[in-house]
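**Student:** Sequence plus predicted model, see below.
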Amino acid sequence: MSNTILVNGTIITMDAKQQVFKKGAIAFENEKITYVGEVPSDLSIYDEVVDVKGDYILPGLVNTHGHASMSLLRGYADDLPLQQWLEEKMWPIEATYTKDHAKWGTYLSIIEMLRTGTTTFVDMYDNMDEVAMAVDASGARARLCRGMIGFGSEELRQSKLEEASNFARNWNNQANGRITTMMSPHSPYTCTPQFIEQIVSKAVELNSPIHIHMSETRSEVELNVSEYGERPVKHLEKLGMFEQPTLVAHAVHLEEWELDILAKYDVKVSNNIISNLKLASGIAPVPAMLEKGITVSLGTDSSASNNNLDLFGELNQVALLYKGVHNDATLIPAEKALQMATIHGAEAIWLEDQVGSLEVGKEADLIVLNTKQAFYQPAHNPISHIVYSGSGRDVKDVFVQGKQVVKNGECLTVDEEKVIFEVNRLSEKF
Ligand SMILES: CSC[C@H]1O[C@@H](n2cnc3c(O)ncnc32)[C@H](O)[C@@H]1O
Ligand SMILES: [Zn+2]
């Protein structure tokens, strides 16, 4: 692998010091970042010197909740609330899904994510070997889990648990370390307490984190209270889940004392602001979570409830919505929003030593934004422009582990034309 330096860029490091180098440089060799700072005077040690001419360079974005295979269902069922959407639309069609659907749906999602600057994503679904193979081949980075819905027979539950455990064991740290895994009960309303306890035990045995949908809708919380006498947070705490590292998706309907429980166990949150708005699930108490010191990251959820995987959308929404709702323009400033999409995303999936910021020794996962466009002028404040004015369509180049996967907006590692053909072929039968 070559020794590369990108020069004359605005380097937005997202490190603890929040360093930004205007007219800066970043170098990487053998997957890792070797230099971040002002443009060095001697460039002769580098095999490749690329002049980015003022473009912005920032860490690859981290999308902490989604279902990549579901991109085949983009626009298939809109404008419905969660339970009706799941029970009447998603679950019936998913029952007909094959490995081929998982494969091509995942490739479609990966193209979209890489092209819009997401280099790391979380995925919860089934047919996860197909998902993992697509991640491996595309050069993306992901934390993957086989989601388990506990309906049906005991035999079916146990076979899902075995499949999920094998997947978590076999794929962890594969693809040159770009794939890591988790164990994943789908939610407290689709898994019995006994099944959740079994999954938690397996996660402990495998030393695996846990990922779950939690407190997404008001009716889910009410159902939990009527079935088990507790709201979901207390219920999962009692089942021992939070003693294992846990990432919860949604976390919309929470009372203050529940935030204290999440903070106590350092439970990580994936905020899915657009999916929550579209399914009319509600608005998560993100400012209160941040006040309590909870790690809040951003997720798209799937293209079937979003309807795209451009994390710049979440970045923009999370910086805007709370200002309006609370009548307070100081809430979630642009810097905090960008942290949620980068370093806090990495922390939420326990990868902060590898990715999430541009620092020497970390993996070279970075994106270059084309700022030679009217809406990036004048150059007062790069982070403001990214959050309030930019979009994933501005992403020009993308590197993961030092390997270029997107060049001038084109995905180099996946045949986009073939993927588009295959997803349309598969979707004709819906
Ligand atoms: C087998 S795990 C994946 C499972 O989750 C469903 N799903 C997609 N989006 C959501 C959401 O926002 N809340 C709950 N469940 C969701 C998906 O359709 C799969 O069945
Ligand atoms: Zn989801």
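**Tutor:** The structure has been received and is ready for your questions. Ligands and ions are numbered 1, 2, ... in the order given.
**Student:** ok, now how distant is the residue of the chain found nearest ligand 1 from residue 214?
**Tutor:** For the chain, the residue closest to ligand 1 is residue 147, as judged by C-beta to the nearest ligand atom, at 2.3 Å. (C-beta placed from N, C-alpha, C; glycine too.) From residue 147 across to residue 214, the span is 13 Å (C-beta to C-beta, to the nearest Å).
**Student:** And the two? Which one has more around it.
**Tutor:** residue 214 (31 against 22; other C-beta atoms under 10 Å).
**Student:** what does the model give that one for pLDDT?
**Tutor:** Here the pLDDT value assigned to residue 214 is 98.
**Student:** Identify the bridge partners of it.
**Tutor:** residue 250 (DSSP bridges).
**Student:** circling back: list the residues that contact the residue of the chain closest to ligand 1.
**Tutor:** Contacts for residue 147 (C-beta atoms under 8 Å, 6 or more residues apart in numbering) come out as 67, 124, 125, 126, 184, 185, 186.
**Student:** what about the fourth one, how many neighbours?
**Tutor:** When neighbours are defined as other C-beta under 10 Å, residue 126 has 21 of them.
**Student:** Could you do the second one as well?
**Tutor:** A count of nearby residues for residue 124, using other C-beta under 10 Å, gives 26.
**Student:** and it, what helix or strand is that in?
**Tutor:** strand 118-125 (DSSP states H and E).
**Student:** how distant is that strand from the center of its chain?
**Tutor:** Offset of strand 118-125 from its chain centre (C-alpha atoms, centre = their mean, to the nearest Å): 5 Å.
**Student:** Note down every partner strand of the host helix or strand of the residue of the chain closest to ligand 1 and its orientation.
**Tutor:** Using DSSP H and E, residue 147 maps to strand 141-148. Sheet pairing of strand 141-148 (DSSP bridges) gives strand 118-125 (parallel), strand 179-181 (parallel), strand 184-185 (parallel).
**Student:** Can you say which of these is packed in most?
**Tutor:** Across the strands paired with strand 141-148, averaging neighbours per residue (mean count of other C-beta atoms under 10 Å) puts strand 184-185 on top, at a mean of 31.
**Student:** So residue 236 sits against residue 215, correct?
**Tutor:** No - judged on C-beta atoms under 8 Å, residue 236 makes no contact with residue 215 at a distance of 9.5 Å.
**Student:** Tally up the residues packed near residue 412, please.
**Tutor:** The burial count for residue 412: 15, using other C-beta under 10 Å.
**Student:** Please renumber the chain so that the first residue is 20 from this point on.
**Tutor:** In the new count, where the first residue is 20, that last one comes out as residue 431.
**Student:** That one and residue 425 touch, don't they?
**Tutor:** Yes - assessed by C-beta under 8 Å, residue 431 is found in contact with residue 425 at 6.6 Å.
**Student:** sorry, back to before: including distance to ligand 1 and mean pLDDT, could the strands paired with strand 160-167 go into JSON lines?
**Tutor:** JSON lines is the format used below for the strands paired with strand 160-167 (distance: least, C-beta to the nearest ligand atom, whole Å; pLDDT from 0 to 100):
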{"stretch": "strand 137-144", "distance to ligand 1": "5", "mean pLDDT": "99"}
{"stretch": "strand 198-200", "distance to ligand 1": "14", "mean pLDDT": "99"}
{"stretch": "strand 203-204", "distance to ligand 1": "7", "mean pLDDT": "98"}
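**Student:** so can I have JSON lines of those strands showing distance to residue 399?
**Tutor:** Converted to JSON lines, those look like this (distance: least, C-beta to C-beta, whole Å):
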{"stretch": "strand 137-144", "distance to residue 399": "26"}
{"stretch": "strand 198-200", "distance to residue 399": "38"}
{"stretch": "strand 203-204", "distance to residue 399": "43"}
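**Student:** and residue 393, what are its phi and psi?
**Tutor:** phi -50, psi -40 (degrees, to the nearest 10).
**Student:** ok, now the one 5 residues further on?
**Tutor:** Main-chain dihedrals, residue 398, degrees, to the nearest 10: phi -80, psi 50.
**Student:** so who does residue 210 touch?
**Tutor:** 167, 168, 169, 204, 218.
**Student:** so which of the residues you listed is the most crowded?
**Tutor:** residue 204 (32 neighbours).
**Student:** Surely that residue and residue 213 touch.
**Tutor:** No - here residue 204 lies out of contact with residue 213, judged by C-beta under 8 Å, at a distance of 11.2 Å.
**Student:** if we can go back for a sec, and the residue of the chain closest to ligand 1, what are its bridge partners?
**Tutor:** Bridge pairing for residue 166 - DSSP bridges - gives residue 203.
**Student:** And the pLDDT for it?
**Tutor:** For residue 166, pLDDT reads 98.
**Student:** for residue 20, same thing?
**Tutor:** pLDDT, residue 20: 59.
**Student:** same question, the one 10 residues further on
**Tutor:** Here the pLDDT value assigned to residue 30 is 98.
**Student:** Tell me the helices and strands packed up against the helix or strand harbouring it.
**Tutor:** Following DSSP H and E, one finds residue 30 within strand 23-31. On a contact count with 3 or more C-beta pairs under 8 Å, 6 or more residues apart in numbering; DSSP states H and E, strand 23-31 meets strand 39-48, strand 51-57, strand 67-70, strand 75-78, helix 401-403.
**Student:** All the helices of the stretch 220-369 of the chain, residue numbers only.
**Tutor:** 237-247, 251-257, 275-283, 292-297, 305-310, 330-345, 353-360, 362-367 (DSSP state H, counting those that start in this stretch).
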